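> no sequence on this one, just coordinates:
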């Protein structure tokens, strides 16, 4: 169940008002984040559309994590460590069609279900039986049009991980979404700065005064789902909006709020979904060193969109790119200040309550062993 708050609350509701500035610049902290957070939590490996067809695969290679997701000829989805069991060489790159996974180094070949199929010159290994050296499997789940994996030795139950959120996603049928644009941006900004900015309402009046702020007349609502955050915002609450919503709300059934409000889900540790009946934005913020982020960005419309729905989705995509550009310009400048020692702690406003909650959760994960 969500811990519901029907306005932006005072920050004491979530914890400390300050964040140590070293969290955005310290290499050792970043290494701990990768080991204690990314390699132990459920993370998004790929959108489902990349592995929707039989005999397809997609690779996640970020922050020392290297996983290949496969869908075999029978349609079964699986995930494996993307490493040959012979010498640990990488097997696959990117995404695409394949009937087998083959090591480019010595030619070991694996089926899409992870079974070792063939080994060149297998007799050369003497008495060692290599026939059972199958790929190392990784737990895999599908939700929200996304494929999730977990590298922990004892992963938390996936249903508990997204409890309450899965039910809210159900009407949107997010597996029907397809990308208008999908790309990876490399941005010279710490990954947490990029992620926090996406749910920080305090900067909107300044950085987005001619875009978001000009078309919003109320603060976002905030709810917590354990480690995760949900916000919703009524953008462009004009009289004609309801007529558009009725014509652009396939799937469902939706509540009136789901038709009219942008729902923004921040799924710990690094994934954000912006959801409306006619579009989905997926952003995954991956650390690329302490001062850079690799942003996996996908802006999607519903499969089969036509007419007004198609136009609305594409117009929203263009607006999204303008807003992203506004954010990046400001964040790149701010990263230079983060790299100095002028401010040792960052003070958080009530409108940054989501950041306070996020850092509280991150600190708990970092301190767990």
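Perfect, I can see it now. It should be emphasised that the depicted structure is a prediction, and the values quoted were computed from it without experimental measurement. Numbers count the residues shown, from 1 in each chain.
> from residue 307, how far off is residue 314?
Using CB to CB, to the nearest Å, we find residue 314 at a distance of 12 Å from residue 307. Every residue, glycine included, has its C-beta placed from N, CA and C.
> between these two, which has more neighbouring residues?
Neighbours of residue 314 and residue 307, each counted by other CB atoms under 10 Å, are more numerous for residue 314; the result is 16 against 9.
> if we ignore the residues flanking it in sequence, what's nearest that one?
Nearest residue to residue 314, sequence neighbours excluded (CB to CB, 6 or more residues apart in numbering): residue 180, at 6.4 Å.
> part of a strand, is that neighbour?
Yes - counting by DSSP: H, G, I helix; E, B strand; the rest coil, residue 180 is part of a strand.
> so what's the residue count around it?
Residues near residue 180, counting by other CB under 10 Å: 19.
> tell me if I'm right that it and residue 318 touch.
No - between residue 180 and residue 318 there is no contact under CB atoms under 8 Å: 9.5 Å.
> and residue 295, how close does it get to residue 149?
19 Å.
> same question for residue 127.
Distance, residue 127 to residue 149, using CB to CB: 35 Å.
> cool, residue 158 as well?
Distance from residue 158 to residue 149, by CB to CB: 10 Å.
> pick out whichever of the two has more residues nearby.
Applying other CB under 10 Å to residue 158 and residue 149 shows that residue 149 carries more neighbours, namely 20 against 17.
> is the more buried one bridged to anything, and to what?
Assessed by DSSP bridges, residue 149 has beta-bridge partners residue 43, residue 140.
> if I pick it, what's in contact with it?
Applying CB atoms under 8 Å, 6 or more residues apart in numbering to residue 149 gives the contacts 42-43, 45, 60, 67, 69, 79, 138-141.
> where does the prediction get shaky in the stretch 1-150 of the chain?
Scanning the stretch 1-150 of the chain with the threshold set as pLDDT under 70 gives 1-15.
> quick one: the helices in it?
Assigned by DSSP state H, counting those that start in this stretch, the helices in the stretch 1-150 of the chain fall at 27-33.
> over to the stretch 251-369 of the chain?
Using DSSP H, counting those that start in this stretch, the helices of the stretch 251-369 of the chain run over residues 256-260, 307-338, 353-367.
> for residue 89, which of those helices is the nearest?
Ranking the helices of the stretch 251-369 of the chain by proximity to residue 89 (CB to CB) places helix 353-367 first, at 31.5 Å.
> centre of the chain to the closest one, how far?
Centre-to-centre, helix 353-367 and its host chain are 17 Å apart (CA atoms, centre = their mean, to the nearest Å).
> output the contacting helices and strands for that helix.
Applying 3 or more CB pairs under 8 Å, 6 or more residues apart in numbering; DSSP states H and E, one finds that helix 353-367 contacts helix 27-33, helix 191-199, strand 221-225, strand 228-233.
> coming back round to it: which one (most neighbours) among the contacts of residue 149?
Neighbour-wise, those (other CB under 10 Å) top out at residue 79, 28 neighbours.
> that one bridge partners, please.
Beta-bridge pairing for residue 79 (DSSP bridges): residue 69.
> can you tell me which residues contact it?
By CB under 8 Å, 6+ apart, the contact list for residue 79 reads 45, 67-70, 137-140, 147, 149.
> switch those over to a markdown table; also include distance to residue 353.
Shown next, in a markdown table, are the contacts of residue 79 (distance: CB to CB, whole Å):
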| residue | distance to residue 353 |
| --- | --- |
| 45 | 30 |
| 67 | 33 |
| 68 | 38 |
| 69 | 35 |
| 70 | 41 |
| 137 | 39 |
| 138 | 34 |
| 139 | 32 |
| 140 | 33 |
| 147 | 31 |
| 149 | 30 |
